[in-house]
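1. What follows is a predicted protein model with its sequence.
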Amino acid sequence: MSRKAEIEPIFQAWYRPLCLYALHYLGNPDAAEDVVQEVFISLWKLDGPIDNAKAWLHTAVRNRCIDQLRRSKTKELPLPCDLDGPISDEEAFDRSAVEARLWAAVEALPEKRRQCLIMAKRDGMSYQEIADELGLSENTVRNHIARALETLRQDRRQISGLFFFFF
């Protein structure tokens, strides 16, 4: 089996969750992606198979995030957090996997529904503002968002209730 064939499914499964995990530490999406890409390059360069890719990747990303924070001369190394304060490293990793599934479900929505949902929920735009920007009626925007939310609710078993945290 080629190295590419060995690593590609690992990359497909873990790239996004690892980026979200690194984001919990670094707070910067570009820096988080850089760390994860460096980790996958390291994985590519390793000789032989990895027994537990999830654990290896998790540890490598956490360590690189901590290294980056130390190099930036941050006085205090932050712990992964949520709205209630610090959470365990394992919980941050698990949440990152759930967040990745949520965003994959959002990205699978039809384009207009996805646009309307993101503009309303992430960007905080009113239905009228979205309608004006997209050249739609306010009622059409309302329908797109309602249908998007219904589709995501139908998939909620796969995205573990985190859906309601974000939306």
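-> Done, it's in. Numbers count the residues shown, from 1 in each chain.
2. what sits against the most far-flung residue of the chain relative to its centre?
-> Most distant residue from the mean C-alpha position of the chain: Ser137, 31.3 Å away (C-alpha atoms, centre = their mean). If you count contacts by C-beta atoms under 8 Å, 6 or more residues apart in numbering, Ser137 has them with Ala131. For the C-beta atoms, the positions are set from N, CA and C on the backbone; glycine is no exception.
3. Distance of it relative to Glu107?
-> Taking C-beta to C-beta, to the nearest Å as the measure, Ser137 falls 25 Å from Glu107.
4. Report the mean per-residue pLDDT for stretch 90-110.
-> Averaging pLDDT along stretch 90-110 gives 75.
5. Would you list the phi and psi of Leu46?
-> For Leu46, the backbone dihedrals (degrees, to the nearest 10) come out as phi -70, psi 140.
6. What count of nearby residues applies to it?
-> If you count neighbours by other C-beta atoms under 10 Å, Leu46 ends up with 11.
7. before we move on, what about the one 5 residues further on?
-> For Asp51, the number of neighbouring residues by other C-beta under 10 Å comes to 7.
8. Doesn't it lie inside a strand?
-> No: looking at Asp51 with DSSP: H, G, I helix; E, B strand; the rest coil, it is coil, so not inside a strand.
9. quick one, strands of the chain?
-> 81-82, 85-86 (DSSP state E).
10. Which one of the ones you listed has the poorest average confidence?
-> Set side by side, these give their lowest mean pLDDT on strand 81-82, at a mean of 50.
11. can you give me the helices in the protein?
-> 3-26, 29-45, 53-71, 89-107, 111-121, 127-134, 138-154, 162-166 (DSSP state H).
12. Could you report the distance from the residue farthest from the centre of the chain to Tyr127?
-> 10 Å.
13. cool, and His58?
-> 40 Å.
14. Next: Thr59.
-> Using C-beta to C-beta, one gets 45 Å for the distance from Thr59 to Tyr127.
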